[in-house]
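Student: Turn this into a model:
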Amino acid sequence: MENSGSTGRRGSTRRALLSATALTATASPLLAGAAFAEDPEVDGGDGPGNRIKPQHPEPALRAVLDQVDARRIEATIMRLVQFGTRHTLSTQDDPVRGIGAATEWVYQTMLGIAATSGGRMTVEKQTFIQPVSPRIPTPTPITNVIATLRGSEDPQRVYVVSAHLDSRVTDVMNFTSDAPGADDDGSGVAAVLEMARLLAPHSFKGTLVFVTVAGEEQGLYGSTFMASQMKAANADIQGMFSNDIIGASSAWDGTKPDPHTVRLFVEGVPTSETPQQTSTRQAIGGENDGNSRQLGRFVKNVAENDSTEMTIRMIWRRDRYLRASDHVSFIRQAYPAARFSEPRENYNHEHQDTRVENGIQFGDLPEFCDFRYIARVAKVNITTLWSLAAGPGTPKGVRIAASTLTNDTTLTWTVNPGAATYEVVWRETTAPDWTHAIDVGTAGTVTIDMVKDNFQFGLRAVDADGRHSPVAFPTP
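Tutor: Predicted coordinates:
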């Protein structure tokens, strides 16, 4: 961590559906709303469509989740600690110590995983020279290890999961002292390797990218380079997750452990918002509907269940105070991204020289990690990645008609052949999450008998097996 469904209606309708002739004439089906109180104090109340329910893991996914191995995660973290320090400025050519040795070990481990993929996974070292910069006193090679599991049907649609390999002590420029980095971020690296191991043998519609980056503690340099390269290549990154400090279920400070909760940081107003987008948002709302916020809602819907045994605590901010993780590099490129982290941190165990002072142990040591907790966080990630890559992509080109004053809501969108149908989702403007979904087919346009001024609307794709995509928020 750098310091810095089907169509349904409830209640009586206000007017009947248009006839087939009228539908043809308007080229936009009109769905009747329900007669219900438009009360901003309720979270959706009665209304058109079905109440949104969680998407439960399918049998094949459950079988994968059963294979998550806490002992393997522990072994990975112990191996990472053995490199002494993984500081970005540490030695690149020592075979047993430093960031170079750690990077080579991760690379070889990923190659072994790729061998189980039937040729679908490739592994590369992405190396660049970081020029003199804050916390980089001399030009320094920085290497990211990238394992790409190519999708079978829609490979241009990409989902990235990352952790940072580098570690640090109290002085961020001290690259010689031991910096075990067990939790920050050995826990994330171990989880990403476990995700790659279990997902590599499977084929998905979309592409999954498993990454360990370096340069995070010095200023997000590895992820900044990777995200900018992806943006320059016009990569369609539809979701990115940073796993950073996911190792401890207890804060070791006398508070009650929380072994079944993981925090998910998701920004609201997009960091990349342009002045024109700001003007639109100020006019129509949407402070709570950026693409990262929609990604977070998706995670909670698909990954909070008895298979993961986890509660996902959504934190509505980009990251913690004074800190930033690698998801921020992707957010800056307008990609939807979020950050997983343990429920309550102990700062004696992060960014500290390993020592004992006044009977208190300082340092980022394996003894403070809960390996079964890390395994459950890995399950949350696996469930999310599987649901994203196996399901349909987020709808594109979603617009809401706002050129004239009407009491209807008309949405249009680009139809994707991978979607069996689409659902308009809606909620009260004050509700934290989508409450209802209306099946609207694949016409690419629909008019709903609900006042657009009174609700928030979105659109999600659904495939033939019932998997749904993240929601796309419409713009005028």
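Student: Which pLDDT value does the model give the residue nearest the centre of the chain?
Tutor: Most central in the chain under C-alpha atoms, centre = their mean is residue 241, positioned 3.7 Å from the mean C-alpha point. In this model, residue 241 is scored at 98, pLDDT.
Student: Contact partners for it?
Tutor: 160-162, 327, 337-340, 381, 384 (C-beta atoms under 8 Å, 6 or more residues apart in numbering). For the C-beta atoms, the positions are set from N, CA and C on the backbone; glycine is no exception.
Student: Would you reformat the residues you listed as TSV and include pLDDT, secondary structure and neighbour count?
Tutor: Shown next, in TSV, are the contacts of residue 241 (pLDDT from 0 to 100; DSSP: H, G, I helix; E, B strand; the rest coil; neighbours: other C-beta atoms under 10 Å):
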residue	pLDDT	secondary structure	neighbour count
160	98	strand	28
161	98	strand	24
162	98	strand	33
327	98	helix	30
337	98	strand	32
338	98	strand	27
339	98	strand	32
340	98	strand	27
381	98	helix	25
384	98	helix	27
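Student: quick one: the residue nearest to the centre of the chain is in a helix?
Tutor: No: Residue 241: not assigned to a helix; according to DSSP: H, G, I helix; E, B strand; the rest coil it is strand.
Student: where's it relative to residue 163, distance?
Tutor: 10 Å (C-beta to C-beta, to the nearest Å).
Student: Let me know the closest of the contacts of residue 241 to residue 58.
Tutor: Closest approach to residue 58 among the contacts of residue 241 (C-beta to C-beta): residue 384, at 13.7 Å.
Student: ok, the closest one touching residue 303?
Tutor: Yes: if you go by C-beta atoms under 8 Å, residue 384 and residue 303 touch, sitting 5.0 Å apart.
Student: which SS class is residue 372?
Tutor: When classified by three-state DSSP, residue 372 comes out as helix.
Student: Quick check: phi and psi on residue 117?
Tutor: phi -100, psi 0 (degrees, to the nearest 10).
Student: related to what we said a few turns ago, what is in contact with residue 241 and residue 163 at once?
Tutor: With C-beta under 8 Å, 6+ apart, residue 241 and residue 163 have no common neighbours.
Student: What are the buried residues along stretch 422-442?
Tutor: 422-428, 431, 433-440 (16 or more other C-beta atoms under 10 Å).
Student: from those, which is closest to residue 401?
Tutor: residue 424 (13.1 Å).
Student: Now do the same for the closest one: helix, strand or coil?
Tutor: Residue 424 - assigned by three-state DSSP - is strand.
Student: Now for it: which residues touch it?
Tutor: Contacts of residue 424 (C-beta under 8 Å, 6+ apart): 49, 411, 437-438, 440, 446, 448, 457-459.
Student: what's the pLDDT at it?
Tutor: For residue 424, pLDDT reads 98.
Student: Report the beta-bridge partners for it.
Tutor: Under the criterion DSSP bridges, residue 424 forms beta bridges with residue 438, residue 459.
Student: Check the gap between it and residue 457 for me.
Tutor: From residue 424 to residue 457 the distance is 6 Å (C-beta to C-beta).
Student: got any residues that touch both of these two?
Tutor: 411, 448.
Student: in this structure, which spans are helices?
Tutor: 20-26, 59-65, 70-81, 99-114, 188-199, 216-219, 221-232, 275-284, 291-303, 327-331, 371-390 (DSSP state H).
Student: For burial, what's the neighbour tally of the residue nearest to residue 129 when sequence neighbours are not counted?
Tutor: Of all residues not flanking residue 129 in the chain, residue 139 sits nearest, at 5.2 Å (C-beta to C-beta, 6 or more residues apart in numbering). Residue 139 has 10 neighbouring residues, counting by other C-beta atoms under 10 Å.
Student: got the contact list for residue 139?
Tutor: 129-132.
Student: and the residues you listed as TSV, adding neighbour count?
Tutor: TSV is the format used below for these (neighbours: other C-beta atoms under 10 Å):
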residue	neighbour count
129	10
130	21
131	9
132	9
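Student: Okay, and which of these map to strands?
Tutor: 129-130 (DSSP state E).
Student: Of the contacts of residue 139, which is the nearest to residue 79?
Tutor: When the contacts of residue 139 are compared against residue 79 (criterion: C-beta to C-beta), the nearest one is residue 130, at 25.9 Å.
Student: quick one on the thing from earlier: now do the residue nearest to residue 129, the pLDDT please.
Tutor: Reading off the model, residue 139 has pLDDT 98.
Student: Please apply the same query to residue 46.
Tutor: Confidence score, pLDDT, at residue 46: 75.
Student: count of neighbours near it?
Tutor: Residue 46 has 14 nearby residues by other C-beta under 10 Å.
Student: where does the chain have low pLDDT?
Tutor: The model of the chain has pLDDT under 70 over residues 1-45.
Student: Domain map for it?
Tutor: 5-55+394-462, 67-390 (automatic domain parsing).
Student: can you redo those domains as TSV with distance to residue 472?
Tutor: Rendered in TSV, the data for the domains of the chain read as follows (distance: least, C-beta to C-beta, whole Å):
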stretch	distance to residue 472
domain 5-55+394-462	4
domain 67-390	7
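Student: contacting residues for residue 211?
Tutor: Residue 211 makes contact with 144-147, 160-163, 192, 226 under the criterion C-beta under 8 Å, 6+ apart.
Student: so which of the residues you listed is the most crowded?
Tutor: residue 162 (33 neighbours).
Student: distance of that one from residue 70?
Tutor: 21 Å.
Student: What of residue 246?
Tutor: Residue 246 is 13 Å from residue 70, by C-beta to C-beta.
Student: now residue 334
Tutor: 36 Å.
Student: now do residue 347
Tutor: Residue 347 is 25 Å from residue 70, by C-beta to C-beta.
Student: Give me the more crowded residue out of the two.
Tutor: Taking neighbours as other C-beta under 10 Å, residue 347 and residue 70 compare with residue 70 leading, 17 against 10.
Student: so how far is residue 455 from that one?
Tutor: Distance from residue 70 to residue 455, by C-beta to C-beta: 44 Å.
Student: Count the neighbours of residue 454 for me.
Tutor: 14.
Student: Return the backbone torsion pair for it.
Tutor: phi -100, psi -10.
Student: quick one: it and residue 427 touch, right?
Tutor: No: Residue 454 is beyond contact range of residue 427, at 10.8 Å (criterion: C-beta under 8 Å).
Student: one step back: which one of the contacts of residue 139 is nearest residue 208?
Tutor: residue 130 (26.8 Å).
Student: how near is the closest one to residue 413?
Tutor: 41 Å.
Student: What is the neighbour count of residue 201?
Tutor: Neighbour tally, residue 201, other C-beta under 10 Å: 14.
Student: Can you list the residue ranges for strands in the stretch 301-450 of the chain?
Tutor: 311-315, 323-324, 337-341, 355-357, 360-362, 396-400, 409-414, 421-428, 436-441, 445-448 (DSSP state E, counting those that start in this stretch).
Student: closest to residue 125 out of those strands?
Tutor: strand 337-341 (22.8 Å).
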